[in-house]
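Novice: Structure of the sequence below:
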Amino acid sequence: MAVAHPPLSRTEAPSRSWWRRNQQRIAPLIFLAPGLFMFAVYVLIPIVQSLWLGFYDWDGLGARTWLGWANYVELWTDDAFWTSLKNNVIWLVLYMLAPPAGLLIAIFLNQTVTGIRVYKSLFFFPFVISQVVVGLIFSWFYAPNFGLFYKLIEAVTGTGVAVLADERFVTYGIIAAGLWPQVAYCMILYLTGLNNIAPEQVEAARLDGAKGWRMLWHVILPQLRPATFIAVVVTVIGALRSFDLVSIMTSGGPYGSSRVLSYYMYEQALSEYGYRMGYGAAIATVLFLIMMIFISGFIWKMVRDEREG
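Specialist: Model prediction:
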């Protein structure tokens, strides 16, 4: 015998129907809410606080003093800041070698040849080790008297070069150390992208006579745009946050010639130089703006290419 259910009240029926009508729109927001909350707490709010702190003089403990634009005016006349900015530009330019180098290695490792697993393991190695270990390895590599690079230059030219003690070469030596794991990271991104390339497009291009450079430029690279986007963004961020290698290998020396903005920010805000939180925040703001300009420009170029294509 069927049991009769009492009819829904006028208040219950509309509420249930409203949830059913809007469930598909609300459910994604519910799942996104925890991530958006964490992003706001740990990314957006600290960015706003850093921007605001750049207008104060603060030692991290006492009362803050409003300075207005004084910290940024001081940056304009600070030789150490301009040295750090110049080094960051050099890092950015040379770090852009990582995506194309990673792509070339990925294309090589994507082939079916004897011993390819050994080659892949060798190229994966720098990606899985710590930046601290990378810095120590290259410090020994460049070390005067016993370093392999020093001995090699000495054998070729008759005079060794102490890379990390020479103001002319120290920045380039650290960048070379940073490129080692960065190229490996880009290689992994491109290997993943190459495994997802549509084989029917490749076959169609071969039937049309495309091969070599034409195949790479017109068929392979367009399908690798997502991997290229991630590789470039991560490379730009890696070049601008190049703190760990500088700290491990030279501590900004010799005579501050290898400083970058992230390390100079640390020196001003948190080291024995004086706990100038406001001045450090002003340096961080400049670093953030440089990063946003590069990444925004690349995103704009990709969007324009997509629309034109």
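Novice: Who are the packing partners of the lengthiest helix in the chain?
Specialist: With secondary structure taken from DSSP state H, the chain has its longest helix at helix 277-308. The helices and strands touching helix 277-308, judged by 3 or more CB pairs under 8 Å, 6 or more residues apart in numbering; DSSP states H and E, are helix 45-53, strand 56-57, helix 70-76, helix 79-95, helix 225-240, helix 261-270. The way it works is simple: take the backbone N, C-alpha and C, and place the C-beta from them, glycine included.
Novice: next SSE after the shortest one?
Specialist: Following the chain from strand 56-57 toward its C-terminal end, the next helix or strand by DSSP states H and E is strand 65-66.
Novice: what's that next one packed up against?
Specialist: Partner elements for strand 65-66 (3+ CB pairs under 8 Å, 6+ apart): strand 56-57.
Novice: How about the contacts made by residue 162?
Specialist: The contact partners of residue 162, by CB atoms under 8 Å, 6 or more residues apart in numbering, come to 142, 144, 150.
Novice: Look up how far residue 93 lies from it.
Specialist: 24 Å (CB to CB, to the nearest Å).
Novice: Kindly report the same for residue 42.
Specialist: 31 Å.
Novice: picking up where we left off before, who wins for neighbours among the contacts of residue 162?
Specialist: When neighbours are counted by other CB atoms under 10 Å, residue 142 leads the contacts of residue 162 with 26 neighbours.
Novice: Next, count neighbours for the nearest residue to that residue once chain neighbours are set aside.
Specialist: Counting by CB to CB, 6 or more residues apart in numbering, residue 163 is the residue found nearest to residue 142 once chain neighbours are left out, at 4.3 Å. Using other CB under 10 Å, residue 163 has 26 other residues around it.
Novice: How about the contacts made by residue 163?
Specialist: 142, 149, 150, 169, 170, 172, 173.
Novice: Tell me which helix or strand comes right after the helix or strand hosting the second one.
Specialist: Meaning residue 149. Using DSSP H and E, residue 149 maps to helix 148-157. Proceeding N to C from helix 148-157, the next assigned helix or strand is helix 170-195, under DSSP H and E.
Novice: Helix or strand next in line after that next one, which one?
Specialist: helix 199-207.
Novice: Ends of stretch 105-125, what's the gap?
Specialist: 14 Å (CA to CA, to the nearest Å).
Novice: how about it: buried residues?
Specialist: 105, 106, 109, 120, 123 (16 or more other CB atoms under 10 Å).
Novice: Tabulate those residues in JSON lines, adding columns for distance to residue 72, secondary structure and pLDDT.
Specialist: Formatted as JSON lines, the buried residues of stretch 105-125 follow (distance: CB to CB, whole Å; DSSP: H, G, I helix; E, B strand; the rest coil; pLDDT from 0 to 100):
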{"residue": "105", "distance to residue 72": "42", "secondary structure": "helix", "pLDDT": "90"}
{"residue": "106", "distance to residue 72": "42", "secondary structure": "helix", "pLDDT": "89"}
{"residue": "109", "distance to residue 72": "47", "secondary structure": "helix", "pLDDT": "85"}
{"residue": "120", "distance to residue 72": "48", "secondary structure": "helix", "pLDDT": "79"}
{"residue": "123", "distance to residue 72": "43", "secondary structure": "helix", "pLDDT": "81"}
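Novice: Understood, closing this out.
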